[in-house]
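[1] Sequence and computational prediction follow.
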Amino acid sequence: MNILVIGSGGREHTICWKLKQSPKVENLYCAPGNGGTSLDAVNVDLAVDEHSQIIDFCKDKNIDLVVVGPEAPLASGISDTLEAEGINVFGPGYSAARLESSKIFAKELMGRYNIPTASFRIFDDFDKAEEYIRVEGAPIVVKAYGLAAGKGVIVAEDVEEAVCAAKEMLVEKKFGASGSKIIVEEFLSGEEASILVLTDGENIVPMVSSQDHKRAYDDDKGPNTGGMGAYSPAPIIDDVLFDEIIETVIRPTIEGLRNEKILYKGVLYAGIMMTDSGPKVLEYNVRFGDPETQVILPRLKSDLAELFMAVAKGDLTGKTAEWDERDYVCVVLAAGGYPGSYEKGTSITGLEEAQKEGALVFHAGTKEKNTEVVTSGGRVLGVVGMGNGVVEAVENTYKAVNKIQFEGMHYRKDIAHRAVARVDK
Ligand code: AMP
Ligand code: GLY
């Protein structure tokens with residue numbers, strides 16, 4: 001099999017690393033890739049928003065399967081374009097990708113199929129949104145309806161903050177067209193978990209649970225980020241709850257789409273809030289999570305290339321996945337200043353030493369410069385350790401983290417603290 005992976009983050013490095021383990025994979029490419037994907041695949045400098053470039057490359061290299069990592073190319077319909085050319089693709093088409101690219105589409109679908117989620121109202125007029133926010137009171141959540149690189153959600157502690165967020169989106173056009181409509185949503189309290197499944201639009205193969213850490217600093221303080229660390233499994237999701245989420249969220253979503261003549265092929269990610277009244281959907285993603293992938297895929301014992309191809313061909317019937325029972329923890333090492341502005345081009349040391357500690361090191365914002373690896377993004381590396389139990393996994397991960405250095409590097413010291421607290425109880 002010849003495979004092209006699209007993307008350049010830690011998620012894509014992890015996908016490439018796992019695909020490379022498959023005896024079925026002959027040639028593996030990553031576009032555009034990063035300083036880590038080049039260790040496991042051949043980086044190719046394609047403009048991934050130009051579908052014709054991808055198609056030409058696939059034809060030239062006899063690509064059997066394209067794996068789309070991030071949401072933007074999915075939202076732009078890359079999968080439909082590739083399928084029309086007869087190329088197998090892992091990742092949903094334009095219509096299904098609206099689960100992520102339009103929060104309005106997602107909310108309305110959940111409404112039609114009784115999928116549990118926060119109650120909400122949609123606005124395109126600021127005065128009406130303000131009036132509603134003042135009546136509802138805080139805490140309350142304001143969301144841009146379209147893609148906003150993880151920055152379009154404001155969990156407002158007070159009414160003025162919510163009104164200000166609505167104004168920035170609807171009047172000041174902070175997120176452009178993505179904020180031309182907003183969702184004002186009930187605040188849900190509880191613990192979050194990520195549930196991901198592979199699906200061919202009919203059958204599903206569930207993946208193991210995980211939990212992300214969105215805030216920049218320890219104790220969940222500071223601004224939201226793309227994710228500062230993750231761990232798997234998430235012990236808040238026991239087997240009973242896991243099945244409940246599959247039956248009340250995942251299946252109705254996939255079946256609801258099918259009922260509307262939309263076949264979902266790829267990975268479906270439900271961000272879940274465990275509330276006192278049960279699991280509720282915070283959001284859908286139509287792709288793997290980053291950094292959740294860094295703790296999920298290393299636990300997979302089955303052949304990822306085979307599973308991806310089965311999804312692409314609509315042939316997941318009877319397929320299962322085997323998992324490593326150990327706990328996995330990922331700590332993201334970020335550039336100084338992230339999630340604000342940060343420097344690039346800083347040299348990184350200690351990568352081999354960290355691996356000698358038994359950890360996996362996945363690259364995100366890195367690139368090769370002469371013989372060095374240097375920073376080239378905000379989230380630079382994901383260090384993944386494992387252990388028998390979460391306490392051991394955390395210890396092993398931070399031991400490896402301590403070996404790596406670059407100027408300005410910062411990371412959270414409390415990844416998996418909720419799972420550790422459960423053990424301590
Ligand atoms: P989203 O991109 O929709 O997942 O939102 C990003 C983050 O905002 C989530 O991971 C939650 O931490 C938080 N969030 C989103 N919606 C709500 C809500 N209704 N209640 C509380 N927190 C929320
Ligand atoms: N880690 C959250 C996401 O990938 O959206």
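    That came in fine, so what should we check first? Numbers count the residues shown, from 1 in each chain. Ligands and ions are numbered 1, 2, ... in the order given.

[2] my guess is residue 5 meets residue 13, correct?
    No: judged on CB atoms under 8 Å, residue 5 makes no contact with residue 13 at a distance of 9.3 Å. C-betas here are computed from N, CA, C, even on glycine.

[3] Next, show the common contact partners of the two.
    The contact sets of residue 5 and residue 13 overlap at residue 37 (CB atoms under 8 Å, 6 or more residues apart in numbering).

[4] if you count what's nearby, which of these two comes out ahead?
    Under the criterion of other CB atoms under 10 Å, the comparison of residue 5 against residue 13 puts residue 13 first, with 34 against 26.

[5] Which residue comes closest to the more buried one once chain neighbours are left out?
    residue 36 (4.1 Å; CB to CB, 6 or more residues apart in numbering).

[6] now swap in residue 246 and tell me
    residue 206 (6.2 Å).

[7] Bridged to that neighbour, which residues?
    Here residue 206 sits in beta bridges with residue 197, as judged by DSSP bridges.

[8] show me the contacts for it.
    Residue 206 sits next to 195-197, 242, 246, 250, 321 when contact means CB under 8 Å, 6+ apart.

[9] Just the closest of those to residue 370, please.
    Distance to residue 370 across the contacts of residue 206 (CB to CB) is lowest for residue 196, with 37.8 Å.

[10] pLDDT score for that closest one?
    Note on residue 196: pLDDT of 98.

[11] Then residue 235?
    So residue 235 comes in at 95 (pLDDT).

[12] circling back to that earlier point, look up how far ligand 1 lies from the residue nearest to residue 13.
    Per CB to the nearest ligand atom, to the nearest Å, residue 36 is found 26 Å from ligand 1.

[13] got JSON lines for the contacts of residue 206, with secondary structure too?
    JSON lines is the format used below for the contacts of residue 206 (DSSP: H, G, I helix; E, B strand; the rest coil):
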{"residue": "195", "secondary structure": "strand"}
{"residue": "196", "secondary structure": "strand"}
{"residue": "197", "secondary structure": "strand"}
{"residue": "242", "secondary structure": "helix"}
{"residue": "246", "secondary structure": "helix"}
{"residue": "250", "secondary structure": "helix"}
{"residue": "321", "secondary structure": "coil"}
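
[14] Tabulate those residues in TSV, adding columns for neighbour count.
    Below are the contacts of residue 206 laid out as TSV (neighbours: other CB atoms under 10 Å):
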residue	neighbour count
195	25
196	21
197	22
242	18
246	16
250	21
321	17
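
[15] that older thread, wait, what's in contact with the residue nearest to residue 13?
    Taking CB under 8 Å, 6+ apart, we find residue 36 in contact with 10, 13, 361-364, 366.

[16] Let's see which of those residues end up in strands.
    Among the contacts of residue 36, the ones falling in strands (DSSP state E) are 361-363, 366.

[17] ok, the residues you listed vs residue 182, which is closest?
    Lowest distance from residue 182 to the ones in strands among the contacts of residue 36 (CB to CB) belongs to residue 362, with 34.5 Å.

[18] Could you give the bridge partners of that closest one?
    Residue 362 has these beta-bridge partners by DSSP bridges: residue 382.

[19] Determine the number of other residues adjacent to it.
    Using other CB under 10 Å, residue 362 has 30 neighbouring residues.

[20] cool, residue 340 as well?
    By other CB under 10 Å, 10 other residues sit near residue 340.

[21] what's the nearest residue to it if we skip its chain neighbours?
    Using CB to CB, 6+ apart and skipping residues adjacent in sequence, the residue nearest residue 340 is residue 223, 7.8 Å away.

[22] need the residues of the stretch 101-250 of the chain near ligand 2, please.
    By CB under 6 Å from any ligand atom, the residues of the stretch 101-250 of the chain that approach ligand 2 are 212, 227.

[23] Check the secondary structure at the residue of the stretch 101-250 of the chain found nearest ligand 2 for me.
    Minimum separation of the stretch 101-250 of the chain from ligand 2 (CB to the nearest ligand atom) falls at residue 227, amounting to 3.5 Å. Following three-state DSSP, we place residue 227 in the coil state.

[24] Repeat that for residue 332.
    Three-state call for residue 332 (three-state DSSP): strand.

[25] OK, contacts around it?
    10, 227-229, 291, 364, 379-382, 411-412.

[26] Could you do residue 4 as well?
    By CB under 8 Å, 6+ apart, the contact list for residue 4 reads 29-31, 44, 54, 57-58, 61, 63, 65-67.

[27] That one belongs to a helix?
    No: assessed by three-state DSSP, residue 4 does not belong to a helix; its assignment is strand.

[28] which strand residues sit across from it in the sheet?
    With DSSP bridges applied, the residues forming beta bridges to residue 4 are residue 29, residue 66.

[29] Likewise for residue 273?
    Going by DSSP bridges, residue 273 forms beta bridges with residue 192, residue 280.

[30] can you count the residues close to it?
    20.

[31] so how far is residue 232 from the most centrally placed residue in the chain?
    Centroid-nearest residue in the chain, with CA atoms, centre = their mean: residue 289, separated by 1.6 Å. Distance of residue 289 to residue 232, given as CB to CB, to the nearest Å: 11 Å.

[32] swap in residue 355?
    As judged by CB to CB, residue 355 and residue 232 stand 20 Å apart.

[33] ok, these two, which is more surrounded?
    For residue 355 and residue 232, the more surrounded residue by other CB under 10 Å is residue 232, and the numbers stand at 32 against 14.

[34] I appreciate the help and will end here.
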